[in-house]
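>>> I need the structure of the sequence given here:
(one chain, ligands or ions: 1)
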Amino acid sequence: MNSEGPAKRRFIRQLITNIRCGVCGRRYELDDVRILNHQGDLWVMSVTCPNCQTQGLVFATVTEAEEPEVIADVTPEELARFQEMPQINADDVLDIHEFLEGFDGDLVELLEGNFPPEG
Ligand SMILES: [Zn+2]
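Down below sits the predicted model:
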């Protein structure tokens, strides 16, 4: 059944405390993470490091049967790019919401970016 219960929240909590800042290595705490959206088992979270203030995005899957798994987090190179970008604002969050609402594909497809070749 479609139950979004405490079990999933516990998974998310467990997941978050296992993520470390890609720049300084500090573990995130719940206060450092904002859940932007979730679509099925895909959760999108924004994180802000309390130590070095680096911002990033975390994509994770949460399923009933398996341990929570981070499927994509930002690399130091990406973090460097993020730091040059303006802070995440409401428009960015809206973009992610709209993107996920319109997204109807496979998660692997999304992350690997296997777009059809041009021409
Ligand atoms: Zn940090």
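>>> can you list the helices and strands that the helix or strand containing Phe59 packs against?
Here Phe59, judged by DSSP states H and E, is contained in strand 55-61. Counting contacts by 3 or more Cβ pairs under 8 Å, 6 or more residues apart in numbering; DSSP states H and E, strand 55-61 packs against strand 42-48, strand 69-73, helix 76-84. Any C-beta I mention is one placed from the backbone N, CA and C, and that applies to glycine too.
>>> note down every partner strand of that strand and its orientation.
strand 42-48 (antiparallel), strand 69-73 (antiparallel) (DSSP bridges).
>>> mind listing what Thr17 touches?
By Cβ atoms under 8 Å, 6 or more residues apart in numbering, Thr17 lies in contact with Arg27, Tyr28, Glu29, Leu30.
>>> for those, pick the one with the most neighbours.
Across those, neighbour numbers were computed from other Cβ atoms under 10 Å; Tyr28 holds the maximum, 22 neighbours.
>>> can you redo the contacts of Thr17 as JSON lines with pLDDT?
Shown next, in JSON lines, are the contacts of Thr17 (pLDDT from 0 to 100):
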{"residue": "Arg27", "pLDDT": "89"}
{"residue": "Tyr28", "pLDDT": "87"}
{"residue": "Glu29", "pLDDT": "86"}
{"residue": "Leu30", "pLDDT": "83"}
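>>> run through the bridge partners of Val44.
Asn37, Phe59.
>>> show me which residues of this protein sit near the ion.
Cys21, Val23, Cys24, Arg26, Cys49, Asn51, Cys52, Thr54 (Cβ under 5 Å from the ion).
>>> please pick the buried ones from the residues you listed.
The neighbour-count criterion (16 or more other Cβ atoms under 10 Å) marks Cys21, Val23, Cys49, Thr54 among the residues of the chain next to the ion as buried.
>>> make CSV from those and add pLDDT to it.
Formatted as CSV, these follow (pLDDT from 0 to 100):
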residue, pLDDT
Cys21, 86
Val23, 87
Cys49, 91
Thr54, 87
